[in-house]
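Chemist: after the sequence you'll find the predicted model.
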Amino acid sequence: MNLSDWLFNPSGLTPHGFCLLWVPGLIYLHAISDAVIGLSYFSIPLALAAFAAKRKDLQYTWVIQLFIAFILACGTTHFMAILTLWVPVYGIEGVIKALTAVLSIATAILLWPLLPKLLAIPSPSQLSDVNAQLGKQIQEHEITLALLRKSEAEVKNANSELEKRVTERTAELSAANAQLVATLAQRDLLLREVYHRVKNNLQVVDSIVSLQARKLQDVDALAALASLRSRIHALGLVHQQLMGSSDLETFDIAPFLRELSENLLSASGKDGIAIEISASSHLVTLDFAISVGLIVTELVTNSLKHAFGNSGGRIQVLLENRANGDMGLVVADNGKGETENTPTGKGLGTTILNGFVSQLKANMTVTRQKGTRTEIAIPCGSIA
């Protein structure tokens with residue numbers, strides 16, 4: 001098959017609609033959904049381009065141009081999904097997806113060096129210092145004005161000069177405030193886009209791993225890929241939480257652990273197993289959340305794999321603040337007490353678990369009495 005046939009006339013392939021049994025409802029559901037998503041993706045670059053055209057003072061316009069190219073490529077993939085419902089041009093669709101992947105990787109890589117510059121933007125406290133300094137200067141001029149009241153002419157001159165300087169400083173302050181607001185808005189937009197793109201890229205990686213798993217028959221390889229997908233999901237969930245936070249730096253770890261644990265149970269496909277989550281609210285940063293999230297992923301996954309066999313049971317995930325300022329993380333099950341992720345294990349899960357426990361400078365204790373209980377004491381110095 002030559003390149004032209006591979007791209008435009010692939011033989012032996014069937015359109016995507018065949019997989020949907022040509023059911024009209026499914027066909028129109030996919031077509032209309034992809035059309036709406038594609039049109040939405042195409043409208044976003046127009047808005048970004050119009051915004052950049054009207055704001056000549058913006059820095060890092062190349063970032064906006066890169067976003068425009070990436071979003072247009074994303075929209076095109078949805079229109080190709082509509083076409084492949086009826087025409088099996090999977091070659092062209094694959095080329096467009098490959099281009100989208102290249103643009104997404106470039107966007108993710110090039111945005112990281114911008115983070116220090118965005119974080120260097122002046123804070124509201126600095127603006128408050130400027131206001132305080134201006135107020136002090138106004139007060140000094142008022143004192144000067146009172147001393148010059150003996151001479152009406154001098155008072156008028158002093159008052160005129162004071163008003164002029166106040167006007168100039170007020171104008172300068174207004175301009176600085178407007179610039180600061182615009183810069184902060186731009187920083188928030190870029191940070192949210194970074195978290196969004198990282199989460200999307202992790203989803204792309206997860207999809208690729210899932211596609212690769214379908215081609216494997218080896219049980220150990222399939223189990224390893226399943227563990228990898230759970231870790232990728234934990235990382236994506238961290239960025240999703242940050243994307244929705246108010247300050248784009250911290251988020252509450254309690255709902256994160258709740259959603260992570262429930263997703264792990266759901267993904268396992270096992271019936272008869274209940275999971276109980278009790279977590280205290282605590283604002284944490286990206287690094288701390290990743291460490292705790294991957295630790296919980298390994299321990300809960302291990303219990304689901306090895307603790308119960310074909311029977312049911314219960315898994316508990318507990319995160320509590322202790323009186324000395326430390327934090328306690330407990331993952332326990334009431335299974336048969338067999339486990340692989342222990343300090344004496346040799347598997348990849350054990351390596352990951354011990355690595356993140358060491359990174360948190362924490363202490364881990366494992367006991368087996370009517371099940372397996374893993375308790376990790378995290379010192380207050382490692383909690384963020």
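Modeler: Sure thing, it's come through. What you see is a predicted model; the values in this text were computed from it and never measured.

Chemist: strands of the stretch 251-384 of the chain, residue ranges please.
Modeler: Ranges of strands in the stretch 251-384 of the chain, per DSSP state E, counting those that start in this stretch, are 251-252, 273-279, 283-284, 313-321, 327-333, 363-368, 372-378.

Chemist: using CSV, lay out those strands together with mean pLDDT, distance to residue 104 and mean neighbour count.
Modeler: Where C-beta positions appear, they are placed from N, C-alpha and C, glycine not excepted. What follows is those, written out as CSV (pLDDT from 0 to 100; distance: least, Cβ to Cβ, whole Å; neighbours: other Cβ atoms under 10 Å):
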stretch, mean pLDDT, distance to residue 104, mean neighbour count
strand 251-252, 88, 24, 20
strand 273-279, 92, 33, 16
strand 283-284, 89, 27, 18
strand 313-321, 92, 33, 19
strand 327-333, 93, 34, 21
strand 363-368, 91, 37, 14
strand 372-378, 93, 34, 21
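
Chemist: those strands into CSV, with extra columns for distance to residue 100?
Modeler: Shown next, in CSV, are the strands of the stretch 251-384 of the chain (distance: least, Cβ to Cβ, whole Å):
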stretch, distance to residue 100
strand 251-252, 29
strand 273-279, 36
strand 283-284, 32
strand 313-321, 37
strand 327-333, 38
strand 363-368, 42
strand 372-378, 40
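
Chemist: out of the ones you listed, which gets nearest to residue 135?
Modeler: Among the strands of the stretch 251-384 of the chain, the nearest to residue 135 by Cβ to Cβ is strand 283-284 (33.3 Å).

Chemist: sheet partners, orientation included, of the closest one?
Modeler: Note on strand 283-284: by DSSP bridges, its sheet partners are strand 251-252 (antiparallel).

Chemist: so the most centrally placed residue in the chain: helix, strand or coil?
Modeler: The chain has residue 239 as the residue nearest its centroid, 1.8 Å off, counting by Cα atoms, centre = their mean. With DSSP: H, G, I helix; E, B strand; the rest coil as the basis, residue 239 sits in helix.

Chemist: hmm, it is touching residue 201, no?
Modeler: No. Contact between residue 239 and residue 201 fails when scored by Cβ atoms under 8 Å: they sit 9.4 Å apart.

Chemist: which positions within stretch 102-120 qualify as buried?
Modeler: 103, 104, 107, 111, 114, 118 (16 or more other Cβ atoms under 10 Å).

Chemist: those in helices, which ones?
Modeler: Among those, DSSP state H puts 103, 104, 107, 111, 118 in helices.

Chemist: got a list of what residue 208 touches?
Modeler: Residues near residue 208 by Cβ atoms under 8 Å, 6 or more residues apart in numbering: none.

Chemist: what about it, which helix or strand?
Modeler: helix 152-214 (DSSP states H and E).

Chemist: and that helix, average pLDDT?
Modeler: Taken as a whole, helix 152-214 has a mean pLDDT of 74.

Chemist: likewise stretch 292-306?
Modeler: The model assigns stretch 292-306 a mean pLDDT of 90.

Chemist: any chance of the buried residues of stretch 102-120 in TSV, plus distance to residue 266?
Modeler: TSV is the format used below for the buried residues of stretch 102-120 (distance: Cβ to Cβ, whole Å):
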residue	distance to residue 266
103	32
104	27
107	31
111	32
114	36
118	36
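
Chemist: okay, who's weakest in the residues you listed by pLDDT?
Modeler: For these, the least confident entry is residue 118, with 57.

Chemist: thank you kindly, that will do.
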